[in-house]
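S.K.: this one's structure only:
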């Protein structure tokens, strides 16, 4: 009975640690593959910089330019509306 108990205990321990060992092996292999793919992709694009920061700066500059264009256009329209084209300048305000 002791021998059978020892075998059953060892089998139970092996079975309970089998999923953990299996997932560890799978995780190690995936990590190695991901690291290889990541190293290859980094080698292809060495120095791209921070794309998100560049995009945010670009959008900000476009918004500022749009605001400046809008203000200048409004002032130009206001100035154009105030120009007197009448032949008699006394009627202009």
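M.R.: That came through, no problem. Worth saying up front: this structure is predicted, and the values here are computed from it rather than measured.
S.K.: next, the buried residues of stretch 84-93.
M.R.: For stretch 84-93, a neighbour-count test (16 or more other CB atoms under 10 Å) marks nothing as buried. (C-beta placed from N, C-alpha, C; glycine too.)
S.K.: contacts for that stretch next, please.
M.R.: Stretch 84-93 has contacts (CB atoms under 8 Å, 6 or more residues apart in numbering) with no other residue.
S.K.: phi, psi of residue 87?
M.R.: Backbone torsions for residue 87, taken as degrees, to the nearest 10, come to phi -70, psi -30.
S.K.: so what pLDDT did it get?
M.R.: Per-residue confidence (pLDDT) for residue 87: 72.
S.K.: what's the average pLDDT for stretch 5-23?
M.R.: Rounded mean pLDDT across stretch 5-23 is 71.
S.K.: right, and the helix or strand after the host helix or strand of residue 28?
M.R.: Per DSSP states H and E: residue 28 is located in helix 2-44. The helix or strand immediately downstream of helix 2-44 is helix 51-81, counting by DSSP H and E.
S.K.: and this protein, what are its domains?
M.R.: Under the assignment automatic domain parsing, the domains of the chain span 1-48, 49-81.
S.K.: select from the ones you listed the stretch with the lowest mean pLDDT.
M.R.: Of all those, domain 1-48 has the smallest average pLDDT, which comes to a mean of 68.
S.K.: quick one: end-to-end distance for stretch 77-86.
M.R.: 18 Å (CA to CA, to the nearest Å).
S.K.: how about residue 86, secondary structure?
M.R.: coil (DSSP: H, G, I helix; E, B strand; the rest coil).
S.K.: oh sorry, the question was meant for residue 83
M.R.: Under three-state DSSP, residue 83 comes out as coil.
S.K.: okay, now it: neighbour count?
M.R.: Close neighbours of residue 83, defined as other CB atoms under 10 Å, add up to 7.
S.K.: and it, how far from residue 75?
M.R.: For residue 83, the distance to residue 75 (CB to CB, to the nearest Å) stands at 13 Å.
S.K.: before we move on, what about residue 82?
M.R.: Residue 82 is 11 Å from residue 75, by CB to CB.
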